[in-house]
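> build me a model:
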Amino acid sequence: ANSMSSLQERGDSPVAQSVSTNRTLPTTAFSHHQHFDQRRRALTTLLGLAGYRAELVLGGSGSGGVQTTRAQLRSWAADYEHIHVAALETPIGTLPEALLRGSDVVQVTVQLRR
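Residues are numbered from 1 along each chain as shown. Below you'll find the model as predicted:
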């Protein structure tokens, strides 16, 4: 009762007091905005790489080790699960089109000349 009467003397209500001490919403909203902006920039960059030749380092569990190959980048899935490439160089020849698992790609080096 004492805490309630002291709140009433100051003109505050218990609800107003709890809202004024909880200030995590702006920080959380800002971090979501930062995450969205970083993701947007990453996806824009990946879209800009479409058509470029790249060296890909692959290291999936089924490949028996790390392999380096070349291909032309076509597109990336928004969740980075798959990478669509063209002219993929393999030990048995060049594949005109291929879909690579993102989890198998260790590194991508882009050649800035098309």
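> burial count for the closest residue in space to Ala87 that isn't next to it in sequence?
Once flanking residues are discounted, Ala87 sits nearest to Gln72: 4.9 Å by CB to CB, 6 or more residues apart in numbering. Every C-beta, even on glycine, is put in place using the N, C-alpha and C of the backbone. Residues near Gln72, counting by other CB atoms under 10 Å, number 17.
> didn't Gln72 look like it was pressed against His84?
No. Between Gln72 and His84 there is no contact under CB atoms under 8 Å: 9.9 Å.
> in the protein, which helix or strand is least confident?
helix 14-21 (a mean of 40; mean pLDDT, DSSP states H and E).
> select the longest helix from the chain.
Looking across the chain with DSSP state H, the single longest helix is helix 25-48.
> that helix - contacts with which helices or strands?
Where contact means 3 or more CB pairs under 8 Å, 6 or more residues apart in numbering; DSSP states H and E, helix 25-48 is packed against strand 67-76.
> in the sheet, who's paired with the residue nearest to Ala87?
Arg53, Ala86 (DSSP bridges).
> next: Thr68.
Val57.
> give the contact list for it.
Residues in contact with Thr68 (CB atoms under 8 Å, 6 or more residues apart in numbering) are 55-58.
> roughly how far does it sit from Ala50?
21 Å (CB to CB, to the nearest Å).
> what's around the residue lying closest to Glu55 once chain neighbours are set aside, how many residues?
Spatial nearest neighbour of Glu55, chain neighbours left out: Thr109 (4.4 Å); criterion: CB to CB, 6+ apart. Residues lying near Thr109 (other CB under 10 Å) number 11.
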